[in-house]
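# sequence plus the predicted model coming up.
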Amino acid sequence: MAFDKLIELVQAGDGELVAAEVQKQLDAGSPAPAILNDGLIAAMDIVGEKMESEEMFIPEVLRSAKAMERGLAVMKDELALDDVQASGKVVIGTVKGDLHDIGKNLVSMLLSSAGFEVIDAGINVAPDAFVAKVEETGANFLAMSALLTTTMPMMKQTIAELEKRGLRDRVKVIIGGAPVNQGYADELGADGYASDAGAAIKLAKSLRA
Amino acid sequence: MKDVRNASRIGRLQFLSDEQKRDIYLAALEIAGSIGMKVYHEEARGLLADAGAQVEGELVKMPRHLIEQARQSVPAVTLVYGREGELAMELGGYNSYFGTGSDLMHTYDLETRERRASVLEDVARAARLCDALPHMDFIMSSAHPTDVNPHHSYLLSFREMMRNSTKPLVMTAENADDLRVMVEVAQELRGGEEQLRQKPYFVVYNEPISPLEHPVESVEKLFLCADTGVPSIYSPAPLAGATAPITVAGHTAQGVAESLFGLVMHQLRKPGAPFLFGIGAAVLDMVTAQSSYNAPEYYQTYMCMVDMARWLDIPNWGYGGTSDSQLLDAQAGMEIAQLTFMAMMQGSNLNHDVGYLDFGLTGSLEEIVVVDEFVGMNRRLFRGVEVDRETVTVDTVREVGPGGHYMTTEHTYRHLRSAQWRPTILNRYGYEKWQTEGSKDLREKAGDKARKLLADHQPPALPEHVGRVLDEKVNGFTERVA
Ligand code: B12
């Protein structure tokens, strides 16, 4: 296939070579949307599978994601914005009172490598701040992380705040973090829960579809 | 009687040469001095600026002399006393003490053997169990109760720990507000502020955030400890590969810098206040994204940290008796043993997290019983070997002579009870006896022992006035804070 080499380079995580290969494909007349979908995104799908099967380590996955972005940058004039961001726009953050962000950052990085546009609201994010970010960016996903049993209730308050501002129907709410589970997600009426970054990406993709 | 001052004095492991320790220290000075750290507590920034640190906005760069000055003023040994005022731990040197960990969200129920959400009663049960176990030296909450208002959880746990054990405590707290209540109760217990300063009853676990950040709450609690003479731990939890360099030396250097940064703030606030140095050396598994407490790299950074504590001559906060496994299986046995043995081998001082499973998310009372047995066995091992006329006992060998036996000598009789350590749950039955006893494995026997101790053991009640003040202050807090 025409994009074999590109797919290989994205997996190897070499941004320089990915950018060069994308340019070569463009010069040879391949349409940008095809390079994107059958090259870059196809490569990241493989990367995702390899992460799942423990063949690739997380920092390698992140490197591939960076390499993919380099390739994307080469085509930015050729691609309509919709081609890139048809996928979904996520506001992500750690809830108020909670400073744990390692898991949130991982989910955030992997979401962007799966083609989501991610707006990171950081840590210690109050319900109204979350909602303001959703409103301001027009996001269609809200992802909340909590690592403390003391801060989990903030998720509930944030959802209440979304409802109050009439935004609840516009966004899919997904939640995670060590003390959170599916039962809690159901109780809150969240749209989904995932126990790790890999599952989080699958979840977001399934809700996007 | 147990000699608490001689908990296991023989440290024998060294991971770093003197030259390497110096290199790591110099790297830590460079991190603190030329990169600097964010300090979000305004008063602390003022204090640091006045002392000569370079402050630009929230970023503070720490000159070497402030660190050296803090090293001069921090005590090398800190004594901690039990509820009844008896000496319980001499933190420093090669003394190793063990206790539970804090805030586990799930607990294995001793009756059903199922994992379920932790409740307040789990805190009480773990405290009472540890009170009865001879080799658990201090108590943390173990469970994080999910059946109470989250903002009351640390204080309600404190009350249960105090009621259910006479051993000293190590506390976590949400912020200076709930911590202040704990300090006031401890002052009532001791009979005054000065008396608590003389005989600390609990130690507080405070943490900066890696990389290089010191949140308001952490510094607030650190200062409250300095002001009241309550010993403070200031131990970051840098995750190798995520919030710290992935290499052991880099992991250690950043952690040393973060802990020492806290030491400076603490000693500037109150020179000579008791402090514990530490690094929670967790490692991010790059495939599963779990934070391992038992990876070999974790053990390495942990041991390098203890080397550094010894070199700096500051008592250290450490780890023991934990496993990444989800249940008390062979993996757990292996990890518990390795971690605990290394802590003792190196003379790590105040070792917590006994009873942790599942990366610090699930607790097991059976595991606490197993670790207690393991520590007991190894305290025997690290007691050292006495060599004198009586123990070498050539006279007895002469008496028995070729072809005789020692079963009936006076010497055997004299040493019978002290020469051999007796297990309480490790199996030494022959096959058939083991079968008639129910073919039990270690976990079952640990569970039996835990159930029996919980049924039989009741620590002495709190003095009436202390119990009353405890209730007043805790209830006052829970009414005030929604
Ligand atoms: C590292 C750590 C810290 C670091 C945090 C550094 C940082 N920059 O994040 C420091 C030292 C600062 C810290 C502080 C505290 N901590 Co802490 N900490 C941990 C530890 C050891 C690891 C967490 C971690 O990063 N894991 C690795 C990441 C990759 O995993 P993860 O966060 O779970 O994320 C994954 C999934 O959950 C999921 N996910 C996460 N978020 C989201 C979001 C969405 C939308 C989705 C779909 C999925 C998802 O995907 C992620 C990737 O796979 C945990 C123990 C544990 N095993 O969880 C305790 C732990 C969470 N901490 C705990 C406590 C008590 C505290 C303190 C209160 C201690 C104190 N007294 O000071 C403070 C609180 C500070 C605050 N206000 O937040 C307790 C919580 C207990 C409880 N019942 O609430 C734990 C469980 C440890 C324990 N048993 O004591 N901590």
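Arrived safely. Residues are numbered from 1 along each chain as shown, chains lettered A, B, ... in the order given.
# ok, the nearest residue to B:P459 once chain neighbours are set aside - contacts?
Nearest residue to B:P459 in three dimensions, chain neighbours excluded: B:D131, at 4.8 Å (Cβ to Cβ, 6 or more residues apart in numbering or on different chains). All C-beta atoms are positioned from the backbone trio N, CA, C, and that covers glycine. B:D131 makes contact with B:I139, B:N164, B:S165, B:T166, B:K167, B:H457, B:P459 under the criterion Cβ atoms under 8 Å, 6 or more residues apart in numbering or on different chains.
# B:D131 and B:P145, how far apart?
19 Å (Cβ to Cβ, to the nearest Å).
# ok, then the element right after the one helix or strand the residue nearest to B:P459 maps to?
B:D131 belongs to helix B:120-132 when assigned by DSSP states H and E. Next along the chain after helix B:120-132, taking DSSP H and E as the criterion, comes helix B:153-164.
# show me what that following helix is packed up against.
helix B:120-132, strand B:169-171, helix B:176-190, helix B:464-480 (3 or more Cβ pairs under 8 Å, 6 or more residues apart in numbering or on different chains; DSSP states H and E).
# and the helix holding B:D131, what's buried?
Judged by neighbour count using 16 or more other Cβ atoms under 10 Å in any protein chain shown, the buried positions of helix B:120-132 are B:L120, B:D122, B:V123, B:A124, B:R125, B:A126, B:A127, B:R128, B:L129, B:C130, B:D131, B:A132.
# now that helix against helix B:153-164, angle please.
40 degrees (axes from the mean of the first three to the mean of the last three Cα atoms, to 10 degrees).
# returning to what we had before: show the buried residues in the contacts of B:D131.
B:I139, B:N164, B:S165, B:T166, B:K167, B:P459.
# measure the last one to the ligand for me?
Using Cβ to the nearest ligand atom, to the nearest Å, B:P459 is found at 25 Å from the ligand.
# list the contacts of whatever residue of chain A ends up closest to chain B.
Proximity of chain A to chain B (Cβ to the nearest Cβ) peaks at A:T150, 3.6 Å away. By Cβ under 8 Å, 6+ apart, the residues touching A:T150 are A:G97, B:P150, B:H151, B:S153, B:E174.
# give me the three-state assignment for it.
coil (DSSP: H, G, I helix; E, B strand; the rest coil).
# now the helices for chain A?
Using DSSP state H, the helices of chain A run over residues A:4-12, A:15-27, A:32-34, A:42-52, A:58-74, A:81-85, A:102-113, A:127-137, A:153-164, A:182-188, A:197-208.
# point out the most buried one among those.
Using mean count of other Cβ atoms under 10 Å in any protein chain shown, the stretch among those with the greatest mean number of neighbours is helix A:102-113 (a mean of 22).
# hmm, back to that, among the helices and strands packed on helix B:153-164, which is nearest B:M308?
Nearest to B:M308, of all these, is strand B:169-171, at 21.0 Å by Cβ to Cβ.
# contact partners of that closest one?
B:99, B:102, B:138-141, B:154, B:158, B:161-162, B:179, B:182, B:201-205, B:233, B:350, B:352.
# quick one: neighbours of the closest residue in space to B:T393 that isn't next to it in sequence, just the number.
Residue nearest to B:T393 in three dimensions, not counting chain neighbours: B:H411, with 5.5 Å by Cβ to Cβ, 6+ apart. B:H411: 17 surrounding residues under other Cβ atoms under 10 Å in any protein chain shown.
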